[in-house]
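# Quick one, fold the following:
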Amino acid sequence: MRILLVDDEEELVSALAERLQLRGLAADWARSGEQALELARNQAYDVAVIDLKMPGIGGIELKKQLAAAFPALRFIFMSGHGSLSTFTSGIGEIGSADYFLLKPVDISQLIDRLRELAK
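Take a look at the predicted model:
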């Protein structure tokens, strides 16, 4: 499984990638939606873990573009704002997503969600 992590908080996203790699999962990271699209054009990913609120191409727009270009790609959203109920009430705008995680992201919870998607 190859994972694309996208968040404008470089320390968070690079640390998540490193922690996933230490657990044997292939993970690349991007600090922007634009950078994520470039990576996705050059590398196949199974799951994209995307922050909802980012400057430039935000999480919702990024998900729409990635889903259109890569229909098999699965999505996990993360956000430091709001709650699960906020996320589910906005699902119409976002479209389908496999999971939503609140920041700070618990690495064990993220790995559990990734394993569920791998089944």
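
# got the residue ranges for the strands in the chain?
Counting by DSSP state E, one finds strands in the chain at the ranges 2-6, 26-30, 47-51, 74-79, 99-102.

# Would you mind finding the most buried of those?
Mean neighbours per residue, mean count of other C-beta atoms under 10 Å, is largest over the strands of the chain for strand 47-51, with a mean of 25. Just so you know, the C-beta spots here come from the backbone N, C-alpha and C atoms, and that holds for glycine as well.

# Pairing partners for it, with directions?
strand 2-6 (parallel), strand 74-79 (parallel) (DSSP bridges).

# low-scoring pLDDT stretches of the chain, where are they?
Within the chain, the ranges that satisfy pLDDT under 70 run 81-97.

# Spatially central, which residue of it would that be?
Val49 (1.1 Å; C-alpha atoms, centre = their mean).

# list the contacts for that one?
Val49 is in contact with Ile3, Leu4, Leu5, Val6, Leu16, Phe75, Ile76, Phe77, Met78, Leu101, Leu110, counting by C-beta atoms under 8 Å, 6 or more residues apart in numbering.

# so what's the closest residue to the last one other than its chain neighbours bridging to?
Of all residues beyond its chain neighbours, the one nearest Leu110 is Leu101 (6.3 Å), with distances taken as C-beta to C-beta, 6 or more residues apart in numbering. Listed beta-bridge partners, Leu101: Met78 (assigned using DSSP bridges).

# Excluding residues flanking it in the chain, which one is nearest Ala48?
Leu4 (4.6 Å).

# need the contact list for that neighbour.
Ala27, Asp28, Trp29, Ala30, Ala36, Leu39, Ala40, Gln43, Tyr45, Val47, Ala48, Val49 are the contacts of Leu4 under C-beta under 8 Å, 6+ apart.

# I'd like the distance between the second one and Leu117.
Pointing back at Asp28 there. 17 Å (C-beta to C-beta, to the nearest Å).

# swap in the last one?
Noted for Val49: a distance of 10 Å to Leu117, by C-beta to C-beta.

# Between these two, which contacts overlap?
Ile76.

# where's Leu114 relative to Ala69, distance?
21 Å.
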